[in-house]
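**Student:** Sequence first, then the predicted structure, then my questions.
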Amino acid sequence: MSTNTTDNVRKVTTSRLVEMKARGEKISMLTAYDYTMAKLIDRAGIDVILVGDSASNVMAGNITTLPITLDQMIYHAKSVMKGTRRALVVVDLPFGSYQGNSKEALASAIRIMKESHAEAVKMEGGAEIRESIERILCAGIPVMGHLGLTPQSINKFGTYNVRAREKDEAEKLVSDARMLEQIGCFAIVLEKIPAELARQVAGSLTIPVIGIGAGGGTDGQVLVMHDMLGMNDGFSPRFLRKYANIGEVVNNAVGRYIEDVKSGDFPTVEESY
Ligand code: KIV
């Protein structure tokens, strides 16, 4: 099967990501939730776009990722797909759409693939959701795992602190990561765990391990776009590098616009018909 798109851009595929790991090329991944931003980051050359359930926080203003629905995730994923030519698009299965039973999980994943045309799904958890992951994989849907800090379980954890610092939790994470590779996941996200543990996991697997707050020893990095662009004022964890201050840019631009409207300086004759 050709992986070229109609305009001859070589599409990123799950197997291409595994090849990138094999030759030591780091994988770049960012979230996006709409057409315009997806188009911008795709043209900039991002490898993977995650339609994250962080849309619940940064798009819908919820405190956690739990309230976002499958319909809402599909809406975001459809918009992102329209703006994307090159990047692999992965969509989070939202809370409540896969934990119940594996048939429900498969039905949710099928809806995402059929209705949005995205290329893979991401699921939080290890052994507890193995049956659901296996059923989805059997239907030919690529699955990215997600271990460590899994925000859909925030009510169980009670905090967003670093996970797997203790031996038992670290051992479970290592065994879950092995299991995810063995059953056929194409990649794993490790969120907010000690850098040394993440390095060990990445070194012991052949599938790519993408980190967020998991140090530099993983095969790639992911950040929430609103956070790295400086659009999310109150959020500054240690792992977050801000590459722009879009919040300030918007504030200045809107401030100038308001002044121009109030003073009658906008629009001018040249800007009128
Ligand atoms: O939903 C999301 O944005 C994520 C990333 C933090 C990995 O799952």
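**Tutor:** All right, it came through fine.

**Student:** going forward, measure contacts between C-alpha atoms and count neighbours the same way
**Tutor:** Will do.

**Student:** elements contacting the helix or strand Leu17 falls within?
**Tutor:** Per DSSP states H and E, Leu17 falls inside helix 14-22. Where contact means 3 or more Cα pairs under 8 Å, 6 or more residues apart in numbering; DSSP states H and E, helix 14-22 is packed against strand 27-31.

**Student:** now the angle from the helix or strand following the strand it packs on to strand 27-31?
**Tutor:** Downstream of strand 27-31, the first helix or strand assigned by DSSP H and E is helix 35-43. Put simply, helix 35-43 runs at 170 degrees to strand 27-31, going by axes from the mean of the first three to the mean of the last three Cα atoms, to 10 degrees.

**Student:** and helix 35-43 with the ligand, contact?
**Tutor:** No. On the criterion Cα under 6 Å from any ligand atom, helix 35-43 is out of touch with the ligand, staying 14.0 Å away.

**Student:** wait, is Gly230 part of a helix?
**Tutor:** No. The assignment for Gly230 (DSSP: H, G, I helix; E, B strand; the rest coil) gives coil, which keeps it out of a helix.

**Student:** What is the burial count for it?
**Tutor:** 21 (other Cα atoms under 10 Å).

**Student:** how about the nearest residue to it, chain neighbours excluded?
**Tutor:** Asn245 (4.5 Å; Cα to Cα, 6 or more residues apart in numbering).

**Student:** quick one: contacts for the residue of the stretch 101-250 of the chain found nearest the ligand?
**Tutor:** Residue nearest to the ligand within the stretch 101-250 of the chain (Cα to the nearest ligand atom): Val224, separated by 5.3 Å. By Cα atoms under 8 Å, 6 or more residues apart in numbering, the contact list for Val224 reads 30-32, 54.

**Student:** measure it to Cys138 for me?
**Tutor:** Taking Cα to Cα, to the nearest Å as the measure, Val224 falls 30 Å from Cys138.

**Student:** buried set for stretch 235-247?
**Tutor:** Within stretch 235-247, the residues scored as buried using 16 or more other Cα atoms under 10 Å are 242, 246.

**Student:** For that stretch, measure first residue to last.
**Tutor:** Terminal-residue distance, stretch 235-247 (Cα to Cα): 12 Å.

**Student:** Please determine whether that stretch lies in contact with the ligand.
**Tutor:** No. Judged by Cα under 6 Å from any ligand atom, stretch 235-247 stays clear of the ligand, getting no closer than 11.1 Å.

**Student:** can you list the residues that contact that stretch?
**Tutor:** With Cα under 8 Å, 6+ apart as the criterion, stretch 235-247 contacts 212-213, 223, 227-233.

**Student:** Redo these as TSV? Include pLDDT.
**Tutor:** What follows is the contacts of stretch 235-247, written out as TSV (pLDDT from 0 to 100):
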residue	pLDDT
Ile212	98
Gly213	98
Leu223	98
Asp227	98
Met228	98
Leu229	98
Gly230	97
Met231	96
Asn232	89
Asp233	86
